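Enquirer: the sequence and its predicted three-dimensional model are supplied below.
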Amino acid sequence: MKPVYLDNNATTRVDPRVVDAMLPYFTEQFGNASSIHAFGADVGTAIRHARRQLQALLGTEFDHEIVYTGCGTEADNTALLSALETQTGRNEIVTSVVEHPAILALCAWLEKTRGVKVHYIGVDARGRLDMDAYRKALGPRTAIASIMWANNETGNLFEVETLAELAHEAGALFHTDAVQAVGKVPMDLKTSEIDMLSLSGHKFHAPKGIGALYVRRGVRLRPMIRGGHQERGRRAGTENAPAIIGLGVAAELALTHMDDENTRVRALRDRLEGGLLQRISHAMVTGDPEHRLPNTSNIAFEYIEGEGILLLLNKAGIAASSGSACTSGSLEPSHVMRAMKVPYTAAHGAIRFSLSRENTAEDVDHVLEVMPGIVETLRGMSPFWDGTSETRSAFTPTYA
Amino acid sequence: MWEYSDKVKEYFFNPKNVGVIEDANGVGEVGAIACGDALKLMLQVDPATDRITSARFQTFGCGSAIASSSALTEIIVGKTVDEALKITNQDIADFLGGLPPEKMHCSVMGYEALRAAVANYRGETWEDDHEEGALLCKCFGVDEGMLERAVRNNNLTSMEQVAQYTKATASCSTCAEPVEEALERINAAMVSEGVLDARDAFVAGALPPTRRAARKTSPLVELSAPTAPAKLTTVQRIRAVEEVLTELRPVLQGDGGDCELVDVEGNKVMVRLSGACVNCQLASVTVQGIQQRLAERLGEPVRVIPVPSGH
């Protein structure tokens, strides 16, 4: 049986059509877009086309609103650092406790080295942002508020439009890390209040090593990387032409498959999730099932630890991931699971299945077939499981 | 993903001795579900011979925790209780063909469970109900006894290793300071017992050993043979420090620098670097060299602190 890849929030397979579009730009049209000769001019034209393709996916009006970066993390870093520079007299950041480390580690560093005050807004048991705390944290000292569009572990969607409006009321900029949302959620940034948005190509079938920062027209941007006029001086460094062109094609394909992602893929996800909960007791969906990405399901299995599940899944040809401590090298469950206060009996057994348009019904069937046995095997070894579904559960699934 | 050895994979995918011994006469339980791993070890010991006739386990944890538990049961069956107690966590790791450093705590868990099970068999109280003050890491329930056993069994000399082997400090890290102090104290004791090289001993706040020092190429290290460590009085300590510095000064003077003793306070030795040593980019290497020589002479970890001139 062919391997079943359900770890698309980690990275996706590059679409062969993307690879085909990229290939000529390595060996044939290899020019530097800045050059005056034909080699350069052809590449320049191709990049302009790719930019329009990405614009269409994001629904942006102006081509200069897109700044290509090396990755989503660079886009995140650029956004926050720029805001602190341009927002004179404001040195506070408002963000959430469930952000990606690209934001959280940067914030911790800014606190430590630059005296920046960071407000970390908490979430409830379903991972929903504490809106009151968010409102209260915003003020005349806020340079920027940065809240992710979708959470990478649970798939939770945040109300970025509302959050952006609230930030603007306080005179602050609003940035969103949309690395998990771009390509899965329809976007129309030309009607949006969002000032800056980060994306990463490899999350939607483009190659690794290419990202972009959307910067709304009129929002000032200070470069993080200096040394050239590329991207209008906002991100120096020779354009990664093949990757930019690949990202363009991936964006066009994502737009074409947007309906599929939100209907067929969503249905596959729901069948996988429903099937697992039906077959396996003491399992709970983490996050907010009503407001999340169509491709993501995060299920916590009580009394067992995530790494064991992943190793056994891998043996059965299934790739998934876990917010468990043991797989990451840290010794604690993920900050997202902890922030939602997932019961300790289940937090270590949280498994993330993330689908893509490439998954099929057979993939889901295979997981439904092997997963109950895997959980049973591990529970059979667990000192906390007494061998019956009558085991007193330490949590009351309020939603499942 | 981790690079697990084939043996770890074998013992995870097909673990031996999983399950319960209903009439076990030695049961040890360590860890907790909140900590991310826990192990219940059950032994059947023949009271006539003190020999372990069977061993079974139940484990909540990652692949290497399950493999370590299973390996432990394989190792101890057939041994007498006294023989089994000689096993350390390193034996478990070795049996499995090694564990990734971040996973060594899994083997420590097995070792601790064995001790708990034997204590239970002998009717002793397992000192797991940590007394007030003795509990160092509240997140992972690491007390001084467990820390000391892990440090001694595995020659741990850094905070990173302590976290990898016991998980202490790895969560909220509020216990970093007491754990540092304990590690320094245990290492110092190991040095005075002659089981640890003074150069490797952990000293809180000290720089890590330089590569140069590790290769022993520093002229400061090879000046004379180390003398046997002995308990020194304060006056003897100061004299010893002065002697070492006197030996070293010609080396420094040869490079146009110099060094003089300012004060000795416990294991802290304050020195003043002068001449070419001031602003020398290799001054930290020099200080490290002096520190090593002093540690060898005094037989205990020493922290050399350069003080600015004019003090």
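Expert: Cool, the structure landed. These numbers were taken from a predicted model, which means no experiment stands behind them.
Enquirer: any idea which helix or strand comes after the helix or strand hosting A:R266?
Expert: Secondary-structure assignment from DSSP states H and E places A:R266 in helix A:266-279. Per DSSP H and E, the first helix or strand lying C-terminal to helix A:266-279 is strand A:283-285.
Enquirer: give the other helices and strands that that following strand contacts.
Expert: Secondary-structure packing of strand A:283-285 (3 or more CB pairs under 8 Å, 6 or more residues apart in numbering or on different chains; DSSP states H and E): helix A:266-279, strand A:296-301. Every residue, glycine included, has its C-beta placed from N, CA and C.
Enquirer: sorry, back to before: so for the helix holding A:R266, mean pLDDT?
Expert: For helix A:266-279, mean pLDDT is 96.
Enquirer: flag every buried residue along that helix.
Expert: By neighbour count on 16 or more other CB atoms under 10 Å in any protein chain shown, the buried set for helix A:266-279 is A:266, A:268-269, A:272-273, A:275-277.
Enquirer: angle of that helix against strand A:296-301?
Expert: Helix A:266-279 and strand A:296-301 meet at an angle of 10 degrees, taking axes from the mean of the first three to the mean of the last three CA atoms, to 10 degrees as the criterion.
Enquirer: any idea how far helix A:266-279 is from the chain center?
Expert: When distances are taken as CA atoms, centre = their mean, to the nearest Å, helix A:266-279 is centred 22 Å away from the chain's centroid.
Enquirer: again, but for stretch A:78-91
Expert: Between the centre of stretch A:78-91 and the centre of its chain there are 23 Å (CA atoms, centre = their mean).
Enquirer: for the record, mean pLDDT for stretch B:139-146?
Expert: The average pLDDT within stretch B:139-146 is 83.
Enquirer: adding distance to A:N77, write the helices and strands packed on strand A:283-285 out as CSV.
Expert: Formatted as CSV, these follow (distance: least, CB to CB, whole Å):
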stretch, distance to A:N77
helix A:266-279, 31
strand A:296-301, 25
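Enquirer: these: which one's closest to B:L41?
Expert: Of all the helices and strands packed on strand A:283-285, strand A:296-301 sits nearest to B:L41, with 23.9 Å by CB to CB.
Enquirer: adjacent strands (with direction) for the closest one?
Expert: strand A:283-285 (antiparallel), strand A:350-354 (antiparallel) (DSSP bridges).
Enquirer: follow-up on the earlier one: quick check, nearest of the buried residues of helix A:266-279 to chain B?
Expert: Using CB to the nearest CB, A:L276 comes nearest to chain B of the buried residues of helix A:266-279, at 20.2 Å.
Enquirer: surely that closest one is in contact with A:N298?
Expert: No. Contact criterion CB atoms under 8 Å: A:L276 and A:N298 do not qualify, at 11.3 Å.
Enquirer: could you pull out the strands for chain A?
Expert: Taking DSSP state E as the criterion, chain A carries its strands at A:4-5, A:66-69, A:92-96, A:117-121, A:142-146, A:173-177, A:196-200, A:211-215, A:283-285, A:296-301, A:318-319, A:321-322, A:350-354.
Enquirer: determine which of those strands approaches B:V203 most closely.
Expert: Comparing the strands of chain A by their distance to B:V203 (CB to CB), the top pick is strand A:117-121, with 34.1 Å.
Enquirer: thinking again about what came up before, so which of the strands paired with strand A:296-301 is the most packed in?
Expert: Among those, strand A:350-354 has the highest mean neighbour count (mean count of other CB atoms under 10 Å in any protein chain shown), at a mean of 28.
Enquirer: mean confidence score for that strand?
Expert: Mean pLDDT, strand A:350-354: 95.
Enquirer: quick one, strands of the stretch 1-150 of chain B?
Expert: For the stretch 1-150 of chain B, the strands defined by DSSP state E, counting those that start in this stretch occupy B:26-32, B:37-46, B:51-60, B:135-137, B:142-143.
Enquirer: the last one pairs with which strands?
Expert: Applying DSSP bridges to the sheet, strand B:142-143 is found paired with strand B:135-137 (antiparallel).
Enquirer: what residues sit buried inside stretch A:113-125?
Expert: By 16+ other CB under 10 Å, the buried positions in stretch A:113-125 come out as A:116, A:118-121, A:123, A:125.
Enquirer: show me the shaky parts of the stretch 51-200 of chain B.
Expert: In the predicted model of the stretch 51-200 of chain B, residues B:126-133 satisfy pLDDT under 70.
Enquirer: which parts of it sit against chain A?
Expert: Contacts of the stretch 51-200 of chain B with chain A, taken as CB under 8 Å from any CB of the partner chain, map to B:57-63, B:65-66, B:102-103, B:105, B:140, B:163, B:167, B:170-171.
Enquirer: so which of those sit within helices?
Expert: Filtering these for membership in helices, criterion DSSP state H, returns B:63, B:65-66, B:105, B:163.
Enquirer: give me the buried subset of the residues you listed.
Expert: Neighbour counting with 16+ other CB under 10 Å marks B:63, B:65-66, B:105, B:163 as buried within those.
Enquirer: now, the most widely separated pair of those residues?
Expert: B:I66 and B:A163 (21.3 Å).
Enquirer: ok so, going back, got CSV for the strands of chain A, with distance to B:R115 too?
Expert: Below are the strands of chain A laid out as CSV (distance: least, CB to CB, whole Å):
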stretch, distance to B:R115
strand A:4-5, 43
strand A:66-69, 53
strand A:92-96, 44
strand A:117-121, 41
strand A:142-146, 49
strand A:173-177, 47
strand A:196-200, 49
strand A:211-215, 51
strand A:283-285, 35
strand A:296-301, 31
strand A:318-319, 38
strand A:321-322, 31
strand A:350-354, 32
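Enquirer: compare these and say which comes out lowest on pLDDT.
Expert: strand A:321-322 (a mean of 90).
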